[in-house]
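>>> Sharing a sequence plus its predicted fold:
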2 protein chains.
Amino acid sequence: MKPSTAEGTRDFTPDQVLKRNYIFDTIRSVFVKFGYLPIETPAMENLSTLSGKYGEEGDRLLFKILNNGEYLKGISPDDISSKAYKTVTPALAKRGLRYDLTVPFARFVVMHQNELTFPFKRYQIQPVWRADRPQKGRYREFYQCDVDVVGSTSLVYEAELVQIYDEVFSKLNLPVVIKFNNRKILEGIAEVAGIPERMVEMTVAIDKLDKIGLDGIKKEMGERGIDDAAIATITQILSIQSLDELQSALESSERGKLGIQEVQALLQYLGTGQTQQDIRFDITLARGLNYYTGCIFEVQAKGVAMGSIGGGGRYDNLTGVFGLKDVSGVGVSFGAERIYDVLEELKLFPADTSNSLKVLFMAFDEAAHLYAFAALGKLRAAGVNSEIYPDPGKIKKQMKYANDRQVPFVVLVGEEEMSSGLLSFKNMQSGEQEKLTIEEIIVKTQAQ
Amino acid sequence: MKPSTAEGTRDFTPDQVLKRNYIFDTIRSVFVKFGYLPIETPAMENLSTLSGKYGEEGDRLLFKILNNGEYLKGISPDDISSKAYKTVTPALAKRGLRYDLTVPFARFVVMHQNELTFPFKRYQIQPVWRADRPQKGRYREFYQCDVDVVGSTSLVYEAELVQIYDEVFSKLNLPVVIKFNNRKILEGIAEVAGIPERMVEMTVAIDKLDKIGLDGIKKEMGERGIDDAAIATITQILSIQSLDELQSALESSERGKLGIQEVQALLQYLGTGQTQQDIRFDITLARGLNYYTGCIFEVQAKGVAMGSIGGGGRYDNLTGVFGLKDVSGVGVSFGAERIYDVLEELKLFPADTSNSLKVLFMAFDEAAHLYAFAALGKLRAAGVNSEIYPDPGKIKKQMKYANDRQVPFVVLVGEEEMSSGLLSFKNMQSGEQEKLTIEEIIVKTQAQ
């Protein structure tokens, strides 16, 4: 039997795991520095928690887990014949795999509300599963990486999240544009254009500006029932370059003016410190998700053609669906899988993510092998990542292993080394070789 | 709707995640030091990979994933009426959730054999799922933590794995007994007792010595068809205290003598270095799993009533089932969930796992809030984990948050602090308060 992974899923080899951990560790270190706390939720959730939260499409893409035991009890053969999925599926499966981290987080906040300190600042880095058709860059199992604060409406968190984006991508040496906007401004535009009831249609169209251009979104707004006068007002406002000008244009909309105030407050917070990335207010940024109610964010990598590698925003009613009202929150996520692809494409992974082994011991014979194992013990006790080739003799085979493992230093032990106590220490990159005591080797390799 | 987690699964709050990570990070750091490399495999595997690998009981406990799309196509209503699970289940579900890390590892080695360097030293820390009836300490989703070497028969790895156990539990400050034995010795005992064909029955009985005592296992061996003479020989050998005596007793068994040689080689390797834990050869250690063929290991915590918190051994044919013959391996696993319970019970978690936030800024008014946010930026730039309370004013509320977060230092900013540049720096444990510049605060909190 020739084994394979399930379609759309991946194994990660050591090199890949180390690179992925470099990304996760970088992100996590910044979250922790900013005072965020980790939570984890189970892979498996009750379908009552997941269903209906992601639209019809989402419900279709949920992986459902077949009930255990006598799961056919209560299934009617008639429903099978008539393919009554709406009756049969809930009877066959009461659990499903996590589709994102947002809904489990909302459930978590509601269930643990009495144990948590609010504002609750949490991060969560875990895999999610979607029964999407697999294609290049789209997997059925992938990691999400979310950071949110719930229980406060303060704009200090919007500023903090922009700073987190700024610092993470700077640490990754990845130049990005961090764009932000405010849904209240988009609402203001719809009001001023006289189509408050078509705000969602307008947003969906504006969201495509990058892809289909100004004429494209005009056409789309027309098709979505927005009249020509409104379209003219909207496109005129979209062309505005300064916040002051925008303020005048939205003068008649309280909602729009509130949005501008929020943007100004965010800019004031950001102005207190240094940021390294290109941070831009972008009035055309819309983001499709309808639960956003205030600031919205999106990150794009520079110098590479790739969709957004991060995004998020303020939402006012995350936990309402589970019965806890009026909990405002704001959060962003990092597209870790895409960030991986970008770092790979731009060759931005540090060389040493791929190797953690520093020293390999080799022995010429059995006696030397035992001697080398004892020396290895001392090196490990000093905290140096090191190991021994299992079989003494055959130096060629041992050197091949050293090269395959890309180990920077090799220690050779034979009769001469044992009698002198001076071990042959070889730098694998330069080829240089010297005779050192194990204590000297410890000092040398700890320092590297 | 009142939300809940799926039965047998758990949320982890920040405090719990930090404690769990303390365990995983400790284990991982030792794996890395010993030259082991991480791999990850998908949560979801094809059932063709998983089925038949864990016995009938295991097959029953596999979580199976309902096929997506028109999954009822090809299901016959007659099979539903007659509850023909053997036909229906494979038609409804072609994938399942990972049941352990061993089978996915074997699949991984076979699929990636041409990319890997052998001996391949891997570790893997990931959750697994089992549809067991939930009870205290037994969950349907839990982490496994495995470390293995495949592609070498060298006993140097047995020694290394014992050293890894020794170092991990010492780092966790947890006193343990690390027991080892060798399946070849057990085979030798069965041979000498004249019942080589009942070696498995004998082993299963011996495995229960701790629980049911010597009389108990005698009775059980009798019930399993082992005659009285053989039982007398077996119990006599089990009482032997020294390896030399054992060698004489197993003189007539080549297999048994090979087992003793292996134990001696292991002891010779271990003798080259220092170990801190109680490491014991235990002839009554049997371990149920039948795929072990050489050394076997088991770890028990001292001073607490709990089953084994680690175990493993040498196996000669891990990958055979996937078509790759003659790959010997040896590995051990850490029972992370039980280790957690033991550390909790013995109060061995360090105090600082539960808190990573070091400084909280508070402000008396809006102007001070912005000033404090700027100072916070400097502290963060210096790498200190810190944050600001979002709403200025109401100091009592801010202090409650500081206490709930158990933050060790608080910085208060008001009018006076802004005009002098000297911030009020409070040690929350001692209650001491002093006036410091932000630069002094950086030095003070970086050092802590």
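Perfect, thanks for sending it. Residues are numbered from 1 along each chain as shown, chains lettered A, B, ... in the order given.
>>> how many neighbours does the residue of the stretch 101-250 of chain A found nearest chain B have?
Nearest residue of the stretch 101-250 of chain A to chain B, counting by C-beta to the nearest C-beta: A:Ser154, 3.4 Å away. In short, each C-beta sits where N, CA and C put it, glycine included. For A:Ser154, the count of nearby residues is 20 (other C-beta atoms under 10 Å in any protein chain shown).
>>> For it, which residues are in contact?
Shown in contact with A:Ser154 (C-beta atoms under 8 Å, 6 or more residues apart in numbering or on different chains): A:Pro119, B:Pro390, B:Asp391.
>>> Also A:Lys325?
Contacts for A:Lys325 (C-beta under 8 Å, 6+ apart) come out as A:Asn317, A:Thr319.
>>> That one: what secondary structure?
When classified by DSSP: H, G, I helix; E, B strand; the rest coil, A:Lys325 comes out as coil.
>>> and it, what are its phi and psi?
phi -90, psi 160 (degrees, to the nearest 10).
>>> Report the secondary structure element holding A:Asn403.
In the assignment (DSSP states H and E), A:Asn403 maps to helix A:395-404.
>>> tell me the mean pLDDT for that helix?
In this model, helix A:395-404 has a mean pLDDT of 96.
>>> Going by neighbour count, list what's buried in that helix.
Neighbour-count burial for helix A:395-404, counted by 16 or more other C-beta atoms under 10 Å in any protein chain shown, picks out A:Ile395, A:Gln398, A:Met399, A:Tyr401, A:Ala402.
>>> same for chain B: which of those are within range?
Applying C-beta under 8 Å from any C-beta of the partner chain to the buried residues of helix A:395-404, one finds that A:Tyr401 fall near chain B.
>>> mind listing what the helix or strand where A:Val177 lies pairs with, with the direction of each?
Assigned by DSSP H and E, A:Val177 belongs to strand A:176-182. Strand A:176-182 pairs in its sheet with strand A:278-281 (parallel), strand A:292-301 (antiparallel), by DSSP bridges.
>>> Most tightly packed of those?
Mean neighbours per residue, mean count of other C-beta atoms under 10 Å in any protein chain shown, is largest over the strands paired with strand A:176-182 for strand A:292-301, with a mean of 23.
>>> which ones are touching A:Asn182?
A:Gly259, A:Ile260, A:Glu262, A:Val263, A:Gly294, A:Cys295, A:Ile296.
>>> hmm, try it at 10 Å
By C-beta atoms under 10 Å, 6 or more residues apart in numbering or on different chains, A:Asn182 lies in contact with A:158, A:188, A:255-256, A:258-263, A:266, A:281, A:283, A:285, A:292-296, A:313-314.
>>> coming back round to it: on the three-state scheme, the residue of the stretch 101-250 of chain A closest to chain B is what?
At A:Ser154 the chain is in coil, as set by three-state DSSP.
>>> from the contacts of A:Asn182, which ones fall inside strands?
The strands, defined by DSSP state E, take in A:Phe281, A:Tyr292, A:Thr293, A:Gly294, A:Cys295, A:Ile296, A:Gly313, A:Arg314 from the contacts of A:Asn182.
>>> ok, now which ones touch the nearest residue to the last one once chain neighbours are set aside?
Taking C-beta to C-beta, 6 or more residues apart in numbering or on different chains, and ignoring the residues beside it in sequence, A:Arg314 has A:Gly294 as its nearest neighbour in space, at 3.3 Å. The neighbours of A:Gly294, taking C-beta under 10 Å, 6+ apart as the test, are A:153, A:155, A:158, A:182-185, A:258-259, A:262-263, A:266, A:313-316, A:328, A:330.
>>> Weed out the non-buried ones from the residues you listed.
Among the contacts of A:Gly294, those classed as buried by 16+ other C-beta under 10 Å are A:155, A:158, A:182-185, A:258-259, A:262-263, A:266, A:313-316, A:328, A:330.
>>> Could you point out the longest helix of chain A?
helix A:14-33 (DSSP state H).
>>> Strands along the stretch 51-200 of chain A, start to end?
Assigned by DSSP state E, counting those that start in this stretch, the stretch 51-200 of chain A shows strands spanning A:64-65, A:95-97, A:120-129, A:141-150, A:176-182.
>>> Are the shortest one and chain B in contact anywhere?
Yes - for strand A:64-65 and chain B, the contact criterion (C-beta under 10 Å from any C-beta of the partner chain) is met by A:Lys64, A:Ile65.
>>> I'd like to know the average pLDDT value across that strand.
98.
>>> Now do that strand: which elements does it pack against?
helix A:47-50, helix A:85-92, strand A:95-97, strand B:64-65 (3 or more C-beta pairs under 10 Å, 6 or more residues apart in numbering or on different chains; DSSP states H and E).
>>> let's see 7 Å
strand A:95-97 (3 or more C-beta pairs under 7 Å, 6 or more residues apart in numbering or on different chains; DSSP states H and E).
>>> distance of A:His369 from B:Ile27?
27 Å (C-beta to C-beta, to the nearest Å).
>>> To clarify, my last question referred to A:Tyr54.
Distance from A:Tyr54 to B:Ile27, by C-beta to C-beta: 36 Å.
>>> And for A:Thr275?
In this view, A:Thr275 and B:Ile27 are 38 Å apart by C-beta to C-beta.
>>> Who has more neighbours out of the two?
Ranked by neighbour count (other C-beta under 10 Å), A:Thr275 and B:Ile27 place B:Ile27 first, with 23 against 16.
>>> A:Tyr36: what's it in contact with?
Residues near A:Tyr36 by C-beta atoms under 7 Å, 6 or more residues apart in numbering or on different chains: A:Lys121, A:Arg122, A:Tyr123, A:Val147.
>>> Rounded mean pLDDT for stretch A:266-281, please.
Mean per-residue pLDDT for stretch A:266-281: 95.
>>> Also stretch A:177-193?
96.
>>> if we can go back for a sec, okay if I get the contacts of A:Tyr36 as CSV plus pLDDT and distance to chain B?
Output for the contacts of A:Tyr36, formatted as CSV (pLDDT from 0 to 100; distance: C-beta to the nearest C-beta, whole Å):
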residue, pLDDT, distance to chain B
A:Lys121, 97, 7
A:Arg122, 97, 7
A:Tyr123, 98, 10
A:Val147, 98, 13
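>>> Dump those into CSV; add distance to A:Lys219 and neighbour count as well.
Output for these, formatted as CSV (distance: C-beta to C-beta, whole Å; neighbours: other C-beta atoms under 10 Å in any protein chain shown):
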residue, distance to A:Lys219, neighbour count
A:Lys121, 43, 25
A:Arg122, 42, 24
A:Tyr123, 41, 25
A:Val147, 37, 26
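>>> Show me how chain A divides into domains.
A:14-63+A:99-345, A:356-446 (automatic domain parsing).
>>> my guess is A:Leu92 contacts A:Asn67, does it?
Yes - counting by C-beta atoms under 7 Å, A:Asn67 is a contact partner of A:Leu92 at 6.2 Å.
>>> quick one: which of these two has more around it?
Using other C-beta under 10 Å, the more surrounded residue of A:Leu92 and A:Asn67 is A:Leu92, with 21 against 18.
>>> Please list all residues in contact with the more buried one.
Applying C-beta under 7 Å, 6+ apart, the residues contacting A:Leu92 are A:Leu66, A:Asn67, A:Tyr71, A:Ile75, B:Leu66.
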